[in-house]
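Visitor: compute the structure for the input listed below.
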Amino acid sequence: MANLLRTVYWNANGLTRKATLVRSLLKEQDIDIALINETHLSPRFKLQFPGYFTYRLDDQSPGPTSKRGLAVLVRRRIVHQPIPALQLQSLQALGVELLIAGKPHRLFAIYRPPGSTLILREVHSLLDSPYPTILAGDWNAKHPAWHSRKTCSTGRRLLDDAACQLYEVTGPQSPTHYPFLRTLPPDVIDLVVSKGLENPPALEVLVDELGSDHLPVLATYDAGTHATPQPPPRTRVDWKLFEQKVRESSITRPTTTPEDVESLAKDLTSTIAAAQTQASTTDPDPGPKSPLPYRLRLLIEKKRRLRRQWQSTRCPTLKRQLNRLVEEVGQIL
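Guide: Sure thing, here's the model as predicted:
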């Protein structure tokens, strides 16, 4: 994969009715990995996104409604493996290991519930790896060091611990959380905690209306200038045709000496290789992605302008207009 990795992290505040909006975000922003927290999904709910592997950690708390929960979406062309989930008390974490510019990295979706006491040794356990590690999500931690308006006790403890343990805490320059209660001011609580990165992530709050009190944050990672080989072409094998070709070309003859056995084994190997070649097709290179249609780009830009206006005014009329525009964009995508 390329040196640049485009990820998004986001507190969904419930994902059941927002899958269409997430699909449009993945396409519009060309996302490689999505780290989503507060999915509120029941284990029975099927969550699928075309072109992505989906990993989930659903909340198993007793009760009629699902709470918390994490999801990690990984583009299918990215070579990766899931990381076994850790049993944590103050955090939820779900991660994958992958290569960025040929180097192993670990990425986790994170959620820390408000009101819980952050156990710092759990942060240390997640960062304890020889590979660069990224923990992105809703930390519910405030400090001006990462552009929050205020400081809370969790933010103060996290900043002090980062200085002692030599890891980084970064946040975007604009608010990520807009409380539904208008009297509460917006702030930055959706953060990236990382260790071992060659370059800090570039963070950008996306002005997209996804029906949550949190905005998604685009995090772009650059692992350096090392070249990465292109992935091999994707090949599909028609196994029924393969079986037919092997039967048609099967060689049988008596074997009485070790040389006869070796000769027959070589012929059989050649037969299998030829049959696989005949039964295989290579998917064509899709080439560069075509840009979004002009009308759709105009609608998306209008949606962003409305979102910015609503964030400033909290006007109910603007909110209704924004909701209608979000639905229209989602239907087109």
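Visitor: what helices or strands is the host helix or strand of Ile272 leaning on?
Guide: Assessed by DSSP states H and E, Ile272 sits inside helix 258-278. Helices and strands touching helix 258-278, by 3 or more Cβ pairs under 8 Å, 6 or more residues apart in numbering; DSSP states H and E, are helix 239-249. For the C-beta atoms, the positions are set from N, CA and C on the backbone; glycine is no exception.
Visitor: list the buried residues for the helix it packs on?
Guide: By neighbour count on 16 or more other Cβ atoms under 10 Å, the buried set for helix 239-249 is Phe242, Lys245, Val246.
Visitor: hang on, isn't the last one packed against Ile272?
Guide: What it means is Val246. Yes. Look at Val246 against Ile272 with Cβ atoms under 8 Å: they come within range, at 6.5 Å.
Visitor: one step back: pick the one among the buried residues of helix 239-249 closest to Asp138.
Guide: Of all the buried residues of helix 239-249, Asp138 sits closest to Phe242, with 49.2 Å by Cβ to Cβ.
Visitor: what's the neighbour count on the residue nearest to Val237 when sequence neighbours are not counted?
Guide: Leaving aside its chain neighbours, Val237 sits nearest to Ser280 (5.1 Å; criterion: Cβ to Cβ, 6 or more residues apart in numbering). As a burial measure, Ser280 scores 13 neighbours (other Cβ atoms under 10 Å).
Visitor: any idea how far Gln81 is from Ser280?
Guide: Applying Cβ to Cβ, to the nearest Å, the value for Ser280 to Gln81 is 26 Å.
Visitor: can you give me the strands in the stretch 51-200 of the chain?
Guide: Assigned strands in the stretch 51-200 of the chain, in chain order: 52-57, 70-75, 80-83, 92-100, 103-111, 133-138, 168-170, 190-195 (criterion: DSSP state E, counting those that start in this stretch).
Visitor: determine the set of other helices and strands touching the fifth one.
Guide: Read it as strand 103-111. Using 3+ Cβ pairs under 8 Å, 6+ apart, the elements in contact with strand 103-111 are strand 4-11, strand 33-37, strand 70-75, strand 92-100, strand 133-138.
Visitor: given the last one, what are its sheet partners and their directions?
Guide: Based on DSSP bridges, the pairing partners of strand 133-138 within the sheet are strand 103-111 (parallel), strand 190-195 (antiparallel).
Visitor: hmm, who's touching the last one?
Guide: Counting by Cβ atoms under 8 Å, 6 or more residues apart in numbering, strand 190-195 makes contact with 9-11, 110, 123, 127, 132-139, 141, 146, 158, 162, 166-172, 176-177, 200-201, 203, 214-215, 217, 219, all of which sit outside it.
Visitor: just the buried ones from those?
Guide: Neighbour-count burial (16+ other Cβ under 10 Å) applied to these gives 9-11, 110, 123, 127, 132-139, 141, 146, 158, 162, 167-172, 176-177, 201, 203, 214-215, 217, 219.
Visitor: can you pull the contacts of the spatially closest residue to Asp59 that is not a sequence neighbour?
Guide: Closest residue in space to Asp59, ignoring its immediate chain neighbours: Arg68 at 4.1 Å, by Cβ to Cβ, 6+ apart. Contact partners of Arg68, counting by Cβ under 8 Å, 6+ apart, are Asn37, Glu38, Thr39, His40, Asp59, Ser61, Gln92, Tyr111, Pro113.
Visitor: mind doing that once more with 10 Å?
Guide: If a contact means Cβ atoms under 10 Å, 6 or more residues apart in numbering, then Arg68 has 37-41, 57-61, 92, 111, 113 as its contacts.
Visitor: now the helices for the stretch 201-333 of the chain?
Guide: 239-249, 258-278, 294-313, 316-332 (DSSP state H, counting those that start in this stretch).
Visitor: weakest of these by average pLDDT?
Guide: Comparing mean pLDDT across the helices of the stretch 201-333 of the chain, the weakest is helix 294-313, with a mean of 70.
Visitor: what does the residue located most distally from the centre of the chain show for phi and psi?
Guide: Distance from the centre of the chain peaks at Thr256, with 59.3 Å (Cα atoms, centre = their mean). Per-residue torsions, Thr256: phi -120, psi -10 (degrees, to the nearest 10).
Visitor: gap between it and Val74?
Guide: Thr256 is 55 Å from Val74, where distance means Cβ to Cβ.
Visitor: just Arg6 next, same as before
Guide: From Arg6 to Val74 the distance is 12 Å (Cβ to Cβ).
Visitor: who touches both of these two?
Guide: In contact with both Arg6 and Val74: Ile31, Asp32, Ile33, Ala34, using Cβ under 10 Å, 6+ apart.
Visitor: not counting residues beside it along the chain, what's closest to the third one?
Guide: Using Cβ to Cβ, 6+ apart and skipping residues adjacent in sequence, the residue nearest Ile33 is Thr7, 4.4 Å away.
Visitor: count the neighbours of that neighbour for me.
Guide: The burial count for Thr7: 23, using other Cβ under 10 Å.
Visitor: surely it and Ile134 touch.
Guide: Yes. The pair Thr7 / Ile134 is scored as a contact, 8.1 Å apart, by Cβ atoms under 10 Å.
Visitor: please enumerate the shared neighbours of the two.
Guide: Joint contacts of Thr7 and Ile134 (Cβ under 10 Å, 6+ apart) are Ile33, Leu35, Leu107, Val192, Pro201, Ala219, Tyr221.
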